[in-house]
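Undergrad: Build the 3D model from these lines:
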Amino acid sequence: MNFNAARALAIALKEVRHILRDPFTLALGLGLPLLLLLMFGFIIDLNYGDIGLKVQDQDHTRLSREFARTFSSSGYFRLEPFSSEIAPVSWLDSEKASGVLVIKENFGRHIKSGRQGEAQLLLDGADNSKTGVVLSYLAGIMDAANRKFAQTPPRNSPEIRTRFLFNQELSSRWFIVPALATVIIGLLGVLLTAMTVAREWENGSMELLLSTPVRPLEIVAGKLLPYFALSLTGTVTVYLAARLVFGVPFNGSRIVYWTACSVFITAALAQGLLISVVARQQRLAMQLSMISGLLPAFLLSGFIFPVESMPVFFRYFTMILSPRWFMEISRGVFLKGAGFMELARPLSALLAINTVLITLAVKKFKTDIEP
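TA: Reported below is the predicted structural model:
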């Protein structure tokens, strides 16, 4: 029996009526993406600012005060002077400061005589990621201080000018928000089909549908179409919020982006169908959706931890995860303006994963009529 588009469309229309009668599904498809993007978009910020820095000035000269002000003028640190009688390390032990700057005696005299002034910066290394960022700030601050205190400006020395490509402002939101779109879209697609179809398994309507002459491929197509449209609408909401609320630039082709979105959404919906066939219970479907839809997208897609820095096994394991490839596409299109040629590898991988998931969903429907 050949694929019958009329039967698939009839199933799709039934799903549309169900979605319109179910406020939970509508809220999940339309409200959840925007809510998650706004919440995580404002919360997650890889740029550290307003860092409390305790300052112990043992020199008490104009030059020592100017050196301390170099830290505050950078915009990253908030200076908090304290008495010389207090041990600097005690601030770190009590976790009342992220760092302590100690300016040694004779700092100003050494600077005036052309020698190096001595200062010590103590940092709390418990949070190694924050410490690494602070150290990167320190390089620029020390460069500014050296220029300020130089007795004679260097002559005929090469001048290095740094220009950052794709993210000129080094804004972490430009990097995070396109990645958040991957996490949200993927989780939304898995939840929509897994929860809804699992409800049909519990009610017994799915067994009735599978016992009819309708082919599994027609069922899968009919199930995917309405939720594809709903997920795509949520994706448009995420895109508009990224552009209008967070000001993330879009430098690529919209044709490339929406083509990749369509493939990624279809893969997520097919994954949800597989979960629904295996679970057949809404509670279990919810748990499996969160585990397979959220955790890999957060931990193994390159959202927070670069794939290149992962152990060898996990670098290869991420290749079977669609969020890993769409993450690369989303950031590449948004920030770099990458096209089909530059994204041929992730697009091909995404298409292959999509094909495998749809095939498994069709076969699983065919073989799992009986519980």
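Undergrad: secondary structure class for residue 56?
TA: Put simply, residue 56 is strand when judged by DSSP: H, G, I helix; E, B strand; the rest coil.
Undergrad: Now do the SS call for the nearest residue to it once chain neighbours are set aside.
TA: Counting by Cβ to Cβ, 6 or more residues apart in numbering, residue 56 lies nearest to residue 102, which is 4.8 Å off, once chain neighbours are set aside. For glycine as for every other residue, the C-beta is placed from the backbone atoms N, C-alpha and C. Look at residue 102: counting by three-state DSSP, its state is strand.
Undergrad: Residue numbering should commence at 25 henceforth.
TA: Noted, 25 is the first residue going forward, which turns the last one into residue 126.
Undergrad: any idea how far the helix ranked longest in the chain is from the chain center?
TA: Counting by DSSP state H, the longest helix found in the chain is helix 196-227. In terms of Cα atoms, centre = their mean, to the nearest Å, the centre of helix 196-227 is found 14 Å from the chain centre.
Undergrad: what mean pLDDT does that helix have?
TA: Averaged across helix 196-227, the pLDDT comes to 84.
Undergrad: List the buried residues for it?
TA: Neighbour-count burial for helix 196-227, with 16 or more other Cβ atoms under 10 Å as criterion, is recorded at 197-225.
Undergrad: which helices and strands sit right next to that helix?
TA: Where contact means 3 or more Cβ pairs under 8 Å, 6 or more residues apart in numbering; DSSP states H and E, helix 196-227 is packed against helix 47-50, helix 56-67, helix 229-234, helix 240-268, helix 278-303, helix 306-317, helix 319-323, helix 346-355.
Undergrad: and the fourth one, what does it pack onto?
TA: What that stands for is helix 240-268. helix 29-45, helix 56-67, helix 196-227, helix 229-234, helix 278-303, helix 368-391.
Undergrad: Report the buried residues of it.
TA: By neighbour count with 16+ other Cβ under 10 Å, helix 240-268 contains the buried residues 240-256, 258-259, 261-263, 265-266.
Undergrad: So which residues of the stretch 75-224 of the chain form helices?
TA: 86-97, 112-117, 131-136, 152-173, 196-227 (DSSP state H, counting those that start in this stretch).
Undergrad: could I get these as JSON lines with distance to residue 350?
TA: Converted to JSON lines, the helices of the stretch 75-224 of the chain look like this (distance: least, Cβ to Cβ, whole Å):
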{"stretch": "helix 86-97", "distance to residue 350": "41"}
{"stretch": "helix 112-117", "distance to residue 350": "42"}
{"stretch": "helix 131-136", "distance to residue 350": "53"}
{"stretch": "helix 152-173", "distance to residue 350": "25"}
{"stretch": "helix 196-227", "distance to residue 350": "5"}
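Undergrad: thinking again about what came up before, any idea which of the helices and strands packed on helix 240-268 gets closest to residue 83?
TA: Proximity to residue 83 (Cβ to Cβ) singles out helix 196-227 among those, at 36.1 Å.
Undergrad: so what pLDDT did the nearest residue to residue 35 once chain neighbours are set aside get?
TA: Excluding the flanking residues, the one nearest residue 35 by Cβ to Cβ, 6+ apart is residue 246, at 2.6 Å. Per-residue confidence (pLDDT) for residue 246: 84.
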